[in-house]
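[1] Dropping the sequence and predicted coords here.
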Amino acid sequence: MPELPEVETTVRGLSQVLTGEKIIEVKVCRSNLRRPIPYDIQERLIGSTIISFDRRAKYGIIFNDREDALIFHLGMSGRWKINPETIEKHDHFILKTENNRCVSLYDPRRFGSLDLIKTKDLLIWPYFKKLGPEPLTGDFNLEYLKSRLARSATSIKKLLLNQQVVAGVGNIYACEALYQAGVHPERSGNSLNKQEIASIIEAIKEILQKAIAEGGSTLKDYARPSGELGYFSAQFKVYGKEDALCECGATIERSVMGGRSTFFCSSCQK
DNA sequence: ACTGGCCCCTGTACGC
DNA sequence: TGCGTACAGGGGCCAG
C-alpha cells in the first residue's frame, strides 16, 4: 500500500491530532516488526511533547522536544489508527497523550518498522543516508536522472523502484508514471533519451502530487489515519487492470519484473 | 559496484 | 464447505 503519497497523507493526519501533545503512555504490544522496536522507546518518549512532523521517502518522522525522532515505515500493510475503538491483534504500538488522544500502529504483515533516532543523527542514519532525491523537490531533475540512468542496463521500471535512484516511488506509481510518460517498463535506463527522461520526471511529479491531493490510494487495507479513504485509486490507468482496455483501445498487459507485477499498454508505451 | 533472487509475515481470493 | 496455492502496495541481505 503505502507509497510516498500515502505516507504523506498519514503524516498530515497524525500531525493534526498529535502536534503539541504530551505523551503520557507508550505501549509496545509486539516488539518484532521488520526489526525490533528500540528497547528504551518508552522511557525516551513518555513525558515528551510532540512538536513537528516530516516525511522522507516512505518514512514518516515524529519529532519531540527532546531532540528525538520517531521514524515509522508502514511496509506493505501498515497504517496508523487514530483513537481506535478497539485494540486488535495487529495493533503493535500505542501512544496516548495528555489530552486523551490515542494512536496505534496497525500492521498485520509486520514489514514496517519503528525507530527512535537522535535528530542530529538523522542525516547519517544508514536507512536515510542511502536514499536518492525526493521526487517532489528540485533535486530530482533531468540532469540528475540522466546521469543516473546512463550507466545502467537495468529496466526503467526496476530503476524507479530503487530507492537510491528516487526515494518514495513504489510499484503502483512506477507503473502509472511510465504509462503517462509513454515509456515501456522494460526499456533499459541507458536506452532512454533526454526527452523520455524528462517525460518520466514530469509524470512522476504530477502523479505523486495528484495522489497526495486525493489523499493517497485506497487498496485492500489502506485508510487515512482518520479512517477516511483516499480516492486516487479511481484514477489508475493501468495498475491492476490486466486484460482491461486502455483508452487507446489496446489491451493492458501484465508481466512480472523483479518479482513485482507490472502493468502497461504496449501500444501507448514504447 | 551492481544485479537478481530470496526472504520476512499475514490475510484474502480463487480454483478444485 | 474446505483446503491448497498464488498473490499483495516494501525493502534488506546475500551470493555471484
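    Cool, the structure landed. Residues are numbered from 1 along each chain as shown, chains lettered A, B, ... in the order given.
[2] Now do the contacts for the residue of the stretch 51-200 of chain A found nearest DNA strand C.
    Nearest to DNA strand C in the stretch 51-200 of chain A, going by CB to the nearest atom of the strand, is residue A:170, at a distance of 1.8 Å. (C-beta placed from N, C-alpha, C; glycine too.) Residues counted as contacts of residue A:170 (CB atoms under 8 Å, 6 or more residues apart in numbering) are A:2-4, A:58, A:161.
[3] Let's see which of those end up in helices.
    In helices, defined here by DSSP state H, the members of the contacts of residue A:170 are A:4, A:161.
[4] Go ahead and confirm residue A:112 touches residue A:73.
    Yes. Between residue A:112 and residue A:73 there is a contact under CB atoms under 8 Å: 5.1 Å.
[5] the more surrounded of the two?
    Counted by other CB atoms under 10 Å, residue A:112 and residue A:73 do not tie: residue A:112 has more neighbours, with 24 against 21.
[6] roughly how far apart are that one and residue A:106?
    Going from residue A:112 to residue A:106 by CB to CB, to the nearest Å gives 10 Å.
[7] For residue A:251, give me the backbone phi and psi.
    Backbone torsions of residue A:251, given as degrees, to the nearest 10, read phi -90, psi 130.
[8] tell me the pLDDT at the residue of the stretch 51-200 of chain A closest to DNA strand C?
    Looking at residue A:170, its pLDDT stands at 92.
[9] re the thing from before, now neighbour count and pLDDT too, for the contacts of residue A:170, in CSV please.
    Converted to CSV, those look like this (neighbours: other CB atoms under 10 Å; pLDDT from 0 to 100):
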residue, neighbour count, pLDDT
A:2, 25, 86
A:3, 22, 89
A:4, 26, 91
A:58, 23, 93
A:161, 19, 93
